[in-house]
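Student: Need a 3D model of the sequence below.
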Amino acid sequence: MIAQESLTYTNTQFVKSAAKLSQCPTEIVREVAFAGRSNAGKSSALNRLTGNKKLARTSKTPGRTQLINYFRIGDRPLALVDLPGYGFAKVPVAVKNEWQKELGNYLEKRDALVGLVLLMDIRHPLKEFDTAMISWAQDSQMPLHILLTKADKLKRGPAKSALLQVKKAVAHLGDLVTVQTFSSLNGEGIDVLRKQLDGWLVPADEALPDDEVPPAAED
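Tutor: Next comes the predicted model:
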């Protein structure tokens, strides 16, 4: 059995921002996108994951992420993607509609996309945007990992109840969807998230170079 390779997420650098699908980098072979409402803590989660507080822009004004932002992992053709947030952005309706259109194009047509991380504030899960993203993942059979953020804001009991509530809501999707609690503040759940990302970005059967893969057994 080939061991699962672990990526070094602390070696992640900003590559570019894309306003639409056609501007996304062509050299990226596999990428995982982070999506969520504007107050879900996407930028904070990315910064915690990579150990770089300045990697993804955070703001006290929700909705500042208006572009598809690419972060490349080392010198490999792998990337983490920060998608535009929704919910509280103070922008014209026409602009929001354009964001929604471009997000749809990206999710439906981006061949390099291998998984989606959907972030929800653990205190307010399963809002309209969240359920829409879950339905999209189901329709497209896109693997989805739900990150219940800001877990440090709740005591253990309520946090566990929220986790069970979300797991129950997506139970009908089987292995397509996984759920965990997470805190950018204290690092809760960071190892679980890394393992999930490793599984998507570097599948175990492709983790080692050809010359290191054990030879097939002879007949």
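Student: Name the next helix or strand downstream of the helix or strand bottoming out on mean pLDDT in the chain, please.
Tutor: The weakest-scoring helix or strand in the chain, judged by mean pLDDT, DSSP states H and E, is helix 93-109 (a mean of 81). Sequence-wise, the next helix or strand downstream of helix 93-109 (DSSP states H and E) is strand 113-121.
Student: Next, the angle from the very next helix or strand once past that next one to helix 93-109.
Tutor: Going down the chain from strand 113-121, the next helix or strand is helix 128-140, by DSSP H and E. Angle, helix 128-140 to helix 93-109, by axes from the mean of the first three to the mean of the last three C-alpha atoms, to 10 degrees: 30 degrees.
Student: Show me the contact partners of the helix or strand following helix 128-140.
Tutor: Later in the chain than helix 128-140, the nearest helix or strand by DSSP H and E is strand 144-149. If you take C-beta atoms under 8 Å, 6 or more residues apart in numbering as the criterion, strand 144-149 is touched by 36, 40-41, 44-45, 115-122, 125, 133-134, 137, 159, 162-163, 166, 170, 173, 176-184, 189, 193, 196. Glycine gets a C-beta too; all of them are placed from N, C-alpha and C.
Student: I'd like to know the average pLDDT value across strand 144-149.
Tutor: Averaging pLDDT along strand 144-149 gives 98.
Student: Could you please name the strands that strand pairs with and the direction of each pair?
Tutor: strand 113-121 (parallel), strand 177-181 (parallel) (DSSP bridges).
Student: which element follows that strand toward the C-terminus?
Tutor: Next along from strand 144-149, by DSSP H and E: helix 156-169.
Student: what's next to stretch 126-143, contact-wise?
Tutor: By C-beta under 8 Å, 6+ apart, the list of residues contacting stretch 126-143 reads 35-37, 86-87, 107-108, 113-116, 118, 120, 144, 165-166, 169-170, 173, 176-177, 200.
Student: one more time with 7 Å, if that's ok
Tutor: Contact partners of stretch 126-143, identified using C-beta atoms under 7 Å, 6 or more residues apart in numbering, comprise 35, 37, 86-87, 107, 115-116, 118, 120, 144, 166, 169-170, 173, 176-177, 200.
Student: cool, and stretch 165-178?
Tutor: By C-beta under 7 Å, 6+ apart, stretch 165-178 touches 125-126, 134, 137-138, 141, 143-146, 148, 179, 196.
Student: which regions of this structure sit below the pLDDT cut-off?
Tutor: 1-3, 58-65, 86-91, 206-219 (pLDDT under 70).
Student: same thing but 90
Tutor: Scanning the chain for pLDDT under 90 picks out the ranges 1-5, 19-20, 37-39, 43, 53-67, 84-105, 128-129, 203-219.
Student: What's the local residue count around Gln66?
Tutor: For Gln66, the neighbour count with other C-beta atoms under 10 Å is 16.
Student: Just say helix, strand or coil for it.
Tutor: coil (DSSP: H, G, I helix; E, B strand; the rest coil).
Student: I figured Gln66 hits Pro84, correct?
Tutor: Yes. At 5.5 Å, Gln66 and Pro84 qualify as touching, with contact defined as C-beta atoms under 7 Å.
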